[in-house]
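>>> Sequence first, then the predicted structure:
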Amino acid sequence: MASYSVNESAVARARELIDSRQYVLRSQWGEVQPSAADGTAYLESHSWDEYAAWHLGLTEGASEHTKGRYAFVYGDFRRLHRMGLIACQYRAAEWGHKAVELAAHDLLQYLDGSRA
């Protein structure tokens, strides 16, 4: 099983999106979650750093500037999705990736607190 570290630049980007209110509170994540083709299309006009900022996890041992390096996408390449954060937290918890689970949880709390 792969190991992941937290992508701190993605955490920072997610906080920026929350602070600027660029998020979706209710969505069907299975319908809006970016596909592999969406990622490829995004990379045609964006840098690897911009692509990476949409993923809370970095795959240990994977080569830089490959899609396999980045995991736990939380948005649709335009806005953060609350259900995307929930999906990241759930998947990370399911597979025992505690650091990513906690990062997603903290962002979810930050999002929910920003609306209060």
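Now that the structure is in, tell me what you want to look at. Residues are numbered from 1 along each chain as shown.

>>> hey, which helix is longest across this structure?
Counting by DSSP state H, the longest helix found in the chain is helix 98-114.

>>> what's the average pLDDT for that one?
What helix 98-114 shows for mean pLDDT is 97.

>>> who's in contact with it?
The contact list for helix 98-114, computed with Cβ atoms under 8 Å, 6 or more residues apart in numbering, reads 4-6, 11, 14-15, 18-19, 23, 56-57, 71-72, 74, 80, 82, 85-86, 88-89, 92-93. Heads up, the C-betas are built off the backbone N, CA and C, glycines and all.

>>> Could you pull up the residues touching residue 69?
For residue 69, the contacting residues are 52, 58, 59, 62, 63, by Cβ under 8 Å, 6+ apart.

>>> do that again at 6 Å, thanks
For residue 69, the contact set (Cβ atoms under 6 Å, 6 or more residues apart in numbering) comprises 59, 62.

>>> Give the phi and psi angles for it, as a check.
Taking degrees, to the nearest 10, you get phi -70, psi -30 for the backbone angles of residue 69.

>>> Model confidence score at it, please.
As predicted, residue 69 sits at a pLDDT of 97.

>>> could you measure it against residue 48, distance?
As for residue 69, its distance to residue 48 is 9 Å (criterion: Cβ to Cβ, to the nearest Å).

>>> Residue 99 now?
For residue 99, the distance to residue 48 equals 22 Å [Cβ to Cβ].

>>> Could you list the buried residues of the longest helix of the chain?
Neighbour counts over helix 98-114 (16 or more other Cβ atoms under 10 Å) mark 100, 101, 103, 104, 105, 106, 107, 108, 111 as buried.

>>> For residue 44, give its distance to residue 50.
With distances taken as Cβ to Cβ, residue 44 is found 12 Å from residue 50.

>>> Who has more neighbours out of those two?
residue 50 (14 against 6; other Cβ atoms under 10 Å).
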